[in-house]
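Engineer: sharing a model that was predicted from the sequence below.
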Amino acid sequence: MAHGTDTPEQSGGPDGRPKILAPRAGAERRSFANTDVWIFDLDNTLYPAECNLFAQVDHRMGEFIAHYLGVPYVHARHLQKAYYRQFGTTLAGLMAVHKLDPGEFLAYVHDIDLSVVSEAPELRAEIASLPGRRLIFTNGSRRHAERVAEKLGVLDLFEDICDIEACNYVPKPEADAFQRMISRHGVAPGSAAMFEDMPMNLEVPHALGMTTVLVHSSYIDHPLQQKMKTWTELPDHIHHMTLDLGQFLADRRTSLGGCDAERE
Ligand SMILES: [Mg+2]
C-alpha cells in the first residue's frame, strides 16, 4: 500500500468533503435527455477513491520502475510522476523513453488486492437502469477493469471495455484515444455521456459533444487536479459534478433526464 511519499494529497475542506460546484452562469447545460451510450472511467470513478485501491497500483508502478531501471525506489517514484505529467500516463512515458513492453508493466501494476473494493448493489441497480449501451473506458488493462468491475458486481452490465491496449497505448486525455474508442464502439458523441474523476479527461469529450460528469475523487496526484481547489464554479467542459456516482445516477433517473441531476 502507498504510504509516506507515495500518498497523494487529499482534497477537501475542513470537513474533508469538497463542495459541489455549479456551472458558470451562461455556460452550456447539457442534459442526458438524448444519452444512449454511457461511458465510465474505471479507477476512482466506478469505485470510490477512498478505498485506496488505486494507491496500490500507484505504489506498484514505482516498484516496477525501480526493478526495471535498477534505481532506488525514491528515484523511481520521481520518474513515475514526471512521466505521468509529461506523457499522460506513466506507461506512455516508459514506452516512449525506455521502449518498455507494456504487457509486463500492466500485469505487474494491476496485480493488487481487491479486498478493499466492496460490492456495490445500489450502483449496480442504477447502472442497470440506464437506457442504452454502457462502456468502460480506462487507461488501465482490460484484465484490471474486468477484475474490479466483477468485484463491484457490475461487470455483466457493460457491453465492452475499451482499455489501453485497444487504444494502441495512447491514453486519455489525448484526442486520439477518444477517437479510437468512438470508432471501435460506434459511439455518436452527441448522444453519449462520459463519467471521469480526472477533469482533463473531460475536455475532449466536451469538445466532441458529449455530456460530461466529473466524479470528484479525493485522490489528487496531478497538477491539473490541484487546480480544482481554486475553482469557484465548474469549468465549461464539465457539465455536472458529483461526489457519489450512484446517487448522481439515482437523481438523474428520478429527474427524467433533466438538468438538475448535479444537486447532491
Ligand atoms: Mg480514473
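Structural biologist: Thanks, I have the structure now.

Engineer: ok, the closest residue to H185 other than its chain neighbours - how many residues close by?
Structural biologist: Ranked by Cβ to Cβ, 6 or more residues apart in numbering and with sequence neighbours excluded, the top spatial neighbour of H185 is L135, at 5.9 Å. In this view, the C-beta of every residue, glycine as well, is placed from N, C-alpha and C. Taking other Cβ atoms under 10 Å as the neighbour definition, L135 ends up with a count of 20.

Engineer: mind checking what helix or strand follows the helix or strand bottoming out on mean pLDDT in the chain in sequence?
Structural biologist: With mean pLDDT, DSSP states H and E as the measure, the helix or strand of the chain carrying the lowest mean pLDDT is strand 9-10 (a mean of 46). Next helix or strand after strand 9-10 toward the C-terminus (DSSP states H and E): strand 37-40.

Engineer: by proximity to the ion, which residue of the stretch 101-250 of the chain wins?
Structural biologist: Relative to the ion, the nearest point of the stretch 101-250 of the chain is D197 (4.4 Å; Cβ to the ion).

Engineer: can you pull the pLDDT of that residue?
Structural biologist: What the model reports as pLDDT for D197 is 95.

Engineer: and V97, by the same measure?
Structural biologist: According to the model, V97 scores 97 on pLDDT.

Engineer: assign a three-state SS to it, would you?
Structural biologist: Here V97 takes the helix state, with states given by DSSP: H, G, I helix; E, B strand; the rest coil.

Engineer: and it, what does it touch?
Structural biologist: Applying Cβ atoms under 8 Å, 6 or more residues apart in numbering, we find V97 in contact with Y83.

Engineer: alongside the ion, which residues does the protein contribute?
Structural biologist: Counting by Cβ under 5 Å from the ion, the residues of the chain close to the ion are D41, D43, N44, T45, D197.

Engineer: make sure the residue nearest to H185 is indeed in a strand.
Structural biologist: Yes. When the secondary structure is assigned by three-state DSSP, L135 falls within a strand.
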